[in-house]
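> quick one, what's the 3D model for this:
(one chain, ligands or ions: 1)
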Amino acid sequence: MEAETREPHALVEQRGPVLIVTMNRPRARNALSAQMLAIMRDAWDRVDEDPEIRVCVLTGAGGAFCAGADLKAMTRDHPGDGFRSGGTDLSRIDALLKGRRLTKPLVADVEGPAVAGGTEILQATDVRVAGASARFGVSEACWGLFPLGGSAVRLPRQLPYTIAAELLLTGRHLSAEEARRIGLIGHVVPDGQALAKALELAERIAANGPLAVQAILRTMRETEGMPENDAFAVESRLGAAVFTSADAKEGPRAFAEKRTPLFQGH
Ligand SMILES: C[C@H](/C=C/C(=O)SCCNC(=O)CCNC(=O)[C@H](O)C(C)(C)COP(=O)(O)OP(=O)(O)OC[C@H]1O[C@@H](n2cnc3c(N)ncnc32)[C@H](O)[C@@H]1OP(=O)(O)O)[C@H]1CC[C@H]2[C@@H]3CCC4=CC(=O)CC[C@]4(C)[C@H]3CC[C@]12C
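Presented below is the predicted three-dimensional model:
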C-alpha cells in the first residue's frame, strides 16, 4: 500500500446541530487504525456532551465506508498480541460503540464497502442510508478472526436468525439492495447521494424535540429483550419526563400559532 498521508485518520465536522464523523484512510478503504478509533471515541464523547449537537452522521472517505480492521497491520504482529495479557475488557469497545451507544441518533452514510468492522459499527447506528454499489458483510471468519465488534450478539437481534447466522458463518458480502431487503439498512440511493440523504434525515431529526428524540432512543435500547410490562415501566417513566418539559409546551403552542417549533432541549 502507498505510504500513509499526513491526513488525520478520521475527520470531524459540525454543521449546526449535526456532527459528521468521516473515517479517513481512503487508500485502505478506511480500514480501522488506532488513530482513527481514538478520534472516533473522542467524537462520540463530544456528541454526548454537547447539547448543541442533536444528531451524528458516520461516513467514510474516498467512496468507501470501512473495510474493518487493518489486515496488513495484523501481519506485522500476531493479531492476538493485544489480547494475551487478558487485561483488555473486550465487552466494551467505545470507538466501535460496542458496550456503549450514543445518547443521540447516529445516521450511517454508506458508499462502497462496509465490511467486517464496517458492518459491525453499522449495527450501532440507528438510521442507515447506502449508495447502490455499497457492499456489506461480516467477513472476519474468512480470515480466521472473530467479529469482536459485537456482531455475533447484535446481528441476530437486528436480522432474522437464519440470515444473521449465514452472514456471520459464511462471511459473504451482500449488495445494498439485499441489505435493504433483509432490513440491515433502510435506504438505497444512487451512488454518491447517500450523504445528502443521510443529512436530510439527520436535519429532520435535529428539528424535532431533542428530549423526545433522546427518550425514544433510550426506551428502544433499555427495553430490548424485556418482558412487555417491565418495558412499559421504563417507557412510561422516560416518556412522562418528556411531557413535563418546556419543549412539550412549545410544540403544541407552535402548532396552534402555525409556526415551526423552537425546541430548547429542556
Ligand atoms: C474484530 C474487529 C474487526 C475485525 C475485522 O474487521 S477483520 C478485517 C476484515 N476485513 C475484510 O475482510 C475486508 C478486506 N478487504 C476487502 O475485502 C476489499 O479490500 C474491499 C471489499 C474492502 C474493497 O475491495 P476493492 O476491490 O474496492 O479494493 P481493494 O483493491 O481490495 O483494496 C484497496 C486497497 O485497500 C487495502 N485494504 C482493503 N481492505 C483492507 C483491510 N481490511 N486492511 C488493510 N488494507 C485493506 C487493499 O489492500 C488495497 O491496498 P493496495 O495497497 O492498493 O493493494 C476488530 C476491529 C477493531 C478491533 C479492536 C481495536 C482495538 C483493540 C486493540 C487491541 O490491541 C486488541 C483488542 C481491540 C479491542 C481490537 C479487537 C478486534 C476489533 C474489534
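
> CA only for contacts and neighbour counts going forward, please
Fine.

> mind listing what's buried in stretch 196-206?
By neighbour count on 16 or more other CA atoms under 10 Å, the buried set for stretch 196-206 is Lys197, Ala198, Leu199, Leu201, Ala202, Glu203, Ile205, Ala206.

> state the distance from Thr162 to Gly118.
Separation of Thr162 from Gly118 (CA to CA, to the nearest Å): 21 Å.

> the more surrounded of the two?
Ranked by neighbour count (other CA atoms under 10 Å), Thr162 and Gly118 place Gly118 first, with 28 against 10.

> and the more buried one, what helix or strand is that in?
Gly118 is part of helix 117-122, with elements assigned from DSSP states H and E.

> and that helix, what does it pack against?
strand 135-137 (3 or more CA pairs under 8 Å, 6 or more residues apart in numbering; DSSP states H and E).

> and the strand it packs on, how far from the chain's centre?
Computed by CA atoms, centre = their mean, to the nearest Å, the separation of strand 135-137 from the middle of its chain amounts to 15 Å.

> which outside residues touch the helix or strand of the chain with the lowest mean pLDDT?
Across the helices and strands of the chain, the lowest-confidence element by mean pLDDT, DSSP states H and E is helix 81-84, at a mean of 76. Applying CA atoms under 8 Å, 6 or more residues apart in numbering, the contact partners of helix 81-84 are Thr88.

> that helix vs the ligand: in contact?
Yes - using CA under 6 Å from any ligand atom, we find that helix 81-84 touches the ligand at Gly82, Phe83.

> starting at the chain centroid, how far to that helix?
The answer for helix 81-84 is 26 Å, by CA atoms, centre = their mean.

> please enumerate the strands of this structure.
Shown for the chain, the strands assigned by DSSP state E span residues 10-15, 18-23, 55-60, 106-110, 113-115, 127-131, 135-137, 174-175, 187-189.

> the last one: partners in the sheet, and parallel or antiparallel?
Meaning strand 187-189. strand 127-131 (parallel) (DSSP bridges).

> next, the angle from the partner strand to strand 55-60.
Strand 127-131 runs at 30 degrees relative to strand 55-60, counting by axes from the mean of the first three to the mean of the last three CA atoms, to 10 degrees.

> alpha carbons only: can I get strand 127-131 in CSV?
Included here for strand 127-131 are C-alpha records, laid out as CSV according to Å, rounded to 0.1, in the frame of the first residue of the first chain:
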residue,chain,number,x,y,z
VAL,A,127,-30.8,5.2,10.6
ARG,A,128,-28.9,3.8,7.6
VAL,A,129,-28.5,5.0,4.1
ALA,A,130,-26.4,3.3,1.3
GLY,A,131,-25.4,4.1,-2.2
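
> in stretch 157-177, what counts as buried?
Of the residues in stretch 157-177, those buried (16+ other CA under 10 Å) are Ala164, Leu167, Leu168, Gly171, Arg172, His173, Leu174, Ser175, Ala176, Glu177.

> which residues sit against stretch 98-105?
Outside stretch 98-105, the residues that reach it (CA under 8 Å, 6+ apart) are 44, 47-48, 54-56, 91-94, 121, 124-127, 149-150, 213-214, 217-218.

> residue nearest the centroid of this protein?
Thr125 (2.6 Å; CA atoms, centre = their mean).

> can you pull the contacts of that residue?
Pro105, Leu106, Val107, Ala108.

> export those residues to CSV and tack on pLDDT and distance to Gly225?
Listed next are those as CSV, based on pLDDT from 0 to 100; distance: CA to CA, whole Å:
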residue, pLDDT, distance to Gly225
Pro105, 98, 20
Leu106, 98, 21
Val107, 98, 23
Ala108, 98, 24
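
> now rank these by neighbours and give me the top one.
Neighbours here mean other CA under 10 Å. Within the contacts of Thr125, the largest count is held by Ala108, at 30 neighbours.

> tell me the pLDDT at Glu4?
On pLDDT, Glu4 comes in at 55.

> make 629 the first number, not 1, from now on.
Got it, first residue is 629 now, which makes that one Glu632.
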